[in-house]
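>>> Provide a 3D model corresponding to the input given below.
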Amino acid sequence: MQDKYEYFIIIYAESELINNVDLRALCKEFYDSRVLFGNHTKNNSTYIREQAKKFYNDKHGERIENDSLYLWFNQPCIYKNAFLKEFFDIIGILSLEDFSKLAFHTFDYYIYMYYLIFYKNFQVEDIGVNAIYGFLEGIGEFNAQSQRYKNYKFLLCRPHLYEFLNQEKLFLLIHKRNHEPKRIAKPIIDNSWKYGSVKDRIHSHLAYKLGAAMILNSKSLLGYIRMPYVLSYIKESHRIEQQKYQEKIKKNPKLKLPKLESYPDYKEALKERQCFTYKLGEALIKANSVRGGGEYLPICNFSKKCVG
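Reported below is the predicted structural model:
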């Protein structure tokens, strides 16, 4: 079998081929790209990943980027025959009796995907989706960071996901009999699962942080005394955070935070920007700018007027 065929593709039960494709070319492209699609999960999937990783040395875990992402059902099970002997040698499956090492949640292709990551330099790509388990398995609603998931050229999906995806290379519909109309997947563009709520984003603004510190420190004489130093520290810490963020997105633009307008609770952001805490911080920044920048030292009288 190994000499006769270059690849094996394991197709799930109750699947349907929907397009004519060159399977050899498809398999070659998969191995040339060296990319595995992963998504965040609403349910805890750690035990599934750990069951697969236990077949490898602990040191391999340090080499996985995006290790919290769930890989199962996001790509067909494509085995390359030339790799199988090395794969089975590494994981210690050398005879039929050794298959007893596979527990209920030990998925063979999940083990193989870690082999591709550890030994064949495959990378895990975050597709920006939060689903119950595997995104393309399509159980229930899913949350999406943006419309970016539509750009990926997936090879398989559950029937009710078809209309939401780029269909250029989709050739396989899976789990057709288990398709339940009452649980049809619906895309919800929602950034809060990954980046925090819109309120969290507003609270990370310099204006809000300064305003909150002023209110807190205005409640005691000691607070007034230390307020200039606290505000200077907040300003400098914020500057460093922003500098690191700019360096990070320069290296990887995909890490850029989405616009607040893209959040489903954007109206809450508008309210939060009008709150007293935010306005107080804005006033301080404006006053400091009029004075020509520098540290927040002439602050006591200003804060007494604003907070008092």
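>>> buried ones in stretch 262-277?
Residues Tyr263, Ala269, Glu272, Thr277 are the ones in stretch 262-277 that count as buried (16 or more other CB atoms under 10 Å). In short, each C-beta sits where N, CA and C put it, glycine included.
>>> Look up the closest residue to the first one, ignoring the ones flanking it.
Counting by CB to CB, 6 or more residues apart in numbering, Val198 is the residue found nearest to Tyr263 once chain neighbours are left out, at 4.3 Å.
>>> Tell me the confidence at that neighbour?
Looking at Val198, its pLDDT reads 73.
>>> wait, isn't it in contact with Leu270?
No - contact criterion CB atoms under 8 Å: Val198 and Leu270 do not qualify, at 9.4 Å.
>>> Report the rounded mean pLDDT for stretch 38-48.
Computed over stretch 38-48, the average pLDDT equals 87.
>>> Check what contacts that stretch and list those residues.
Residues outside stretch 38-48 that contact it (CB atoms under 8 Å, 6 or more residues apart in numbering): 66, 68-72, 74, 105, 107, 110, 124-135, 193-194.
>>> in this protein, which spans are helices?
Listed in chain order, the helices of the chain (DSSP state H) span 23-33, 46-53, 81-91, 108-119, 192-195, 198-203, 206-217, 221-251, 266-273, 276-290, 300-307.
>>> So for Phe171, which of those sits nearest?
Comparing those by their distance to Phe171 (CB to CB), the top pick is helix 23-33, with 7.6 Å.
>>> Only the buried residues of the closest one, if you could.
Buried residues in helix 23-33 (16+ other CB under 10 Å): Leu26, Cys27, Phe30, Tyr31.
>>> hang on, the earlier thing: kindly supply the ChimeraX command isolating those of the contacts of stretch 38-48 that are buried.
Buried members of the contacts of stretch 38-48, defined by 16+ other CB under 10 Å, are picked up in ChimeraX with:
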select :69,70,71,72,74,107,110,124,125,126,127,128,129,130,131,132,133,134,135,194
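>>> In strands only, show me the contacts of stretch 38-48.
Among the contacts of stretch 38-48, the members found in strands (DSSP state E) are Val124, Glu125, Asp126, Ile127, Gly128, Val129, Asn130, Ala131.
>>> if I look at the residue nearest to Tyr263, how far off is Phe55?
Distance, Val198 to Phe55, by CB to CB, to the nearest Å: 42 Å.
>>> burial of Ser95, as a residue count?
Neighbour count of Ser95, defined by other CB atoms under 10 Å: 7.
>>> So it versus Tyr56, what's the distance?
Counting by CB to CB, the gap from Ser95 to Tyr56 is 20 Å.
>>> mind giving me the domain ranges of this structure?
7-189, 198-307 (automatic domain parsing).
>>> where among the ones you listed is the average confidence lowest?
Taking the mean pLDDT of these, domain 198-307 comes last: a mean of 78.
>>> That one: how far from the chain's middle?
27 Å (CA atoms, centre = their mean, to the nearest Å).
>>> Use 18 as the first number for this chain going forward.
All right, first residue 18 from here; so that's domain 215-324.
>>> How much space separates Gly151 from Lys97?
According to CB to CB, Gly151 and Lys97 sit 22 Å apart.
>>> cool, and Leu287?
With CB to CB as the criterion, Leu287 and Lys97 are 53 Å apart.
>>> Let me see the backbone angles for Ile191.
Here is the backbone geometry of Ile191 (degrees, to the nearest 10): phi -110, psi 160.
>>> That one: what's it in contact with?
Ile191 touches Tyr29, Glu31, Ser32, Phe90, Leu153, Glu154, Leu173, Cys174, Arg175, counting by CB under 8 Å, 6+ apart.
>>> Backbone dihedrals for the last one, both of them.
This means Arg175. phi -80, psi 150.
>>> Find the nearest non-adjacent residue to it, please.
Using CB to CB, 6+ apart and skipping residues adjacent in sequence, the residue nearest Arg175 is Gly155, 3.3 Å away.
>>> Same question for Arg290.
With sequence-adjacent residues excluded and distances taken as CB to CB, 6+ apart, Arg290 is closest to Ile219, at 6.3 Å.
>>> who's in contact with Ile27?
Going by CB under 8 Å, 6+ apart, Ile27 touches Pro93, Cys94, Tyr96, Tyr126.
>>> When Val215 and Phe72 are compared, which one has more neighbours?
Val215 (23 against 20).
>>> Minimum distance to Phe116: which of the helices of the chain has it?
Phe116 lies closest to helix 125-136 among these, at 9.1 Å (CB to CB).
>>> Against which helices or strands is the closest one packed?
Applying 3 or more CB pairs under 8 Å, 6 or more residues apart in numbering; DSSP states H and E, we find helix 125-136 packed against strand 52-58, helix 63-70, strand 94-97, helix 98-108.
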